[in-house]
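Undergrad: Sequence plus predicted model, see below.
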Amino acid sequence: MSIVVTGATGQLGRHVLKALLELGVPAAEIVAAGRSVEKLADLAAQGVQVKQMDYADAVSVAAALKGARRVLLISGSEVGKRVEQHRTVIEAAKAEGVELLAYTSIANADTTGMKLADEHKATEALLRESGVPFVLLRNGWYLENYTEQLPGTLAQGALAGSAGEGRVSGAARSDYAHAAAAVLVADGQAGKVYELGGDDAFSMADLAAEISAATGRDISYNDLPAREYAGLLTGVGVPGAFAEILADSDLGIARGDLLVSSGDLRRLIGRPTTPLGQAVRSAAAGA
């Protein structure tokens, strides 16, 4: 009987695997399932089971979930294809009779108007209809959504977006991963919904101030109409459809769609969430 982490070759998946090991789960009881299994060589060397799995390949999904007791379904990265990919995993989990399926959804999925949430809402509906015991991990924004863009921000000399004065409860990817691991090893999780976000919400102006403090550069936040912001993104190589989704997500931030005040993340990981300033300083040091 095992804990299966799907999408394990992605950044969140790797963090979850490491968190499970830190919690004392025997490596032999962990299955890391994903497409680019060569990325998991270091974990395989520690005894973690590694299985090749593609969300679009039902046979590989069924094989990866063979013998699974608990499964973490990390949402797919291919926007527009995710509902059917998630359906494949849910159906395989049902056939296998898993005792718990945890899904990484989006913060405030039941109330947000963000386009990015549509596939998460549809997946949550699939889970409710499936009969599989499930728990929802409604992850907020990653701090890395911003810190990984730091070189570009510094090159432009400014931070751009369409979030207005809206605030977002961001947390580090590793924070969300440790929360997922905590849920996977705990009992009595079926039916729970966790709204996950950082302890201290921040605005884009706050982010710009943190970047300025960490780099010694005068970085301002330029708030743009969503159409103009999407155009800026396409101008630097972001595909048009995804640029529109990102601009729409900023409008969601402006409405407060990514504000989370539950405290669930802090309680699950047993410590304060990663502060924005710490994440920015770390990114700036490596820039």
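TA: All right, it came through fine. Residues are numbered from 1 along each chain as shown.

Undergrad: CA only for contacts and neighbour counts going forward, please
TA: Will do.

Undergrad: for the stretch 101-250 of the chain, what spans make up the strands?
TA: Remark: strands assigned in the stretch 101-250 of the chain by DSSP state E, counting those that start in this stretch are 134-139, 158-161, 167-168, 193-196, 202-203, 220-223.

Undergrad: Which among the ones you listed is found nearest to Asp248?
TA: Proximity to Asp248 (CA to CA) singles out strand 158-161 among those, at 10.2 Å.

Undergrad: Find out how far the closest one is from the centre of the chain, if you would.
TA: 22 Å (CA atoms, centre = their mean, to the nearest Å).

Undergrad: Offset the numbering so it begins at 51, please.
TA: All right, first residue 51 from here; so that's strand 208-211.

Undergrad: Could you name the helices and strands sitting against it?
TA: Where contact means 3 or more CA pairs under 8 Å, 6 or more residues apart in numbering; DSSP states H and E, strand 208-211 is packed against helix 254-265, strand 270-273, helix 276-285.

Undergrad: which regions of the stretch 151-300 of the chain lie under the pLDDT threshold?
TA: By pLDDT under 70, the stretch 151-300 of the chain has no low-scoring segment.

Undergrad: need the contact list for Arg120.
TA: 52-54, 148-152, 234 (CA atoms under 8 Å, 6 or more residues apart in numbering).

Undergrad: which of the residues you listed sit farthest apart?
TA: Ser52 and Ala152 (13.9 Å).

Undergrad: The two: which has the busier surroundings?
TA: Ranked by neighbour count (other CA atoms under 10 Å), Ser52 and Ala152 place Ala152 first, with 26 against 20.

Undergrad: if we can go back for a sec, out of the helices and strands packed on strand 208-211, the one nearest Glu134 is which?
TA: Of all those, helix 276-285 comes closest under CA to CA, at 27.2 Å.

Undergrad: Where do the helices of this structure begin and end?
TA: For the chain, applying DSSP state H gives helices covering 61-72, 91-94, 108-114, 132-146, 168-180, 194-197, 200-206, 223-235, 254-265, 276-285, 290-305, 314-319, 326-336.

Undergrad: which one of the ones you listed is the most hemmed in?
TA: helix 223-235 (a mean of 23; mean count of other CA atoms under 10 Å).

Undergrad: hang on, the earlier thing: just tell me which of the helices and strands packed on strand 208-211 ends up closest to Gly238.
TA: Distance to Gly238, taken as CA to CA, is lowest for helix 254-265 among the helices and strands packed on strand 208-211, at 37.8 Å.

Undergrad: Make CSV from the helices and strands packed on strand 208-211 and add distance to Ser125 to it.
TA: Converted to CSV, these look like this (distance: least, CA to CA, whole Å):
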stretch, distance to Ser125
helix 254-265, 26
strand 270-273, 30
helix 276-285, 24
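
Undergrad: before we move on, back to that, tabulate the helices of the chain in JSON lines, adding columns for distance to Gln102.
TA: Compiled in JSON lines, the helices of the chain are given as follows (distance: least, CA to CA, whole Å):
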{"stretch": "helix 61-72", "distance to Gln102": "14"}
{"stretch": "helix 91-94", "distance to Gln102": "12"}
{"stretch": "helix 108-114", "distance to Gln102": "7"}
{"stretch": "helix 132-146", "distance to Gln102": "14"}
{"stretch": "helix 168-180", "distance to Gln102": "23"}
{"stretch": "helix 194-197", "distance to Gln102": "27"}
{"stretch": "helix 200-206", "distance to Gln102": "33"}
{"stretch": "helix 223-235", "distance to Gln102": "21"}
{"stretch": "helix 254-265", "distance to Gln102": "39"}
{"stretch": "helix 276-285", "distance to Gln102": "33"}
{"stretch": "helix 290-305", "distance to Gln102": "28"}
{"stretch": "helix 314-319", "distance to Gln102": "29"}
{"stretch": "helix 326-336", "distance to Gln102": "32"}
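
Undergrad: Glu79: which of those is closest?
TA: The minimum distance between Glu79 and those falls on helix 61-72, with 10.0 Å, by CA to CA.

Undergrad: average pLDDT for that closest one?
TA: Across helix 61-72, the average pLDDT comes to 97.

Undergrad: quick check: angle from that helix to helix 223-235?
TA: 50 degrees (axes from the mean of the first three to the mean of the last three CA atoms, to 10 degrees).

Undergrad: before we move on, back to that, let's have the contacts of Arg120 in CSV, adding distance to Ser262.
TA: What follows is the contacts of Arg120, written out as CSV (distance: CA to CA, whole Å):
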residue, distance to Ser262
Ser52, 46
Ile53, 43
Val54, 41
Val148, 48
Glu149, 48
Leu150, 44
Leu151, 42
Ala152, 38
Leu234, 39
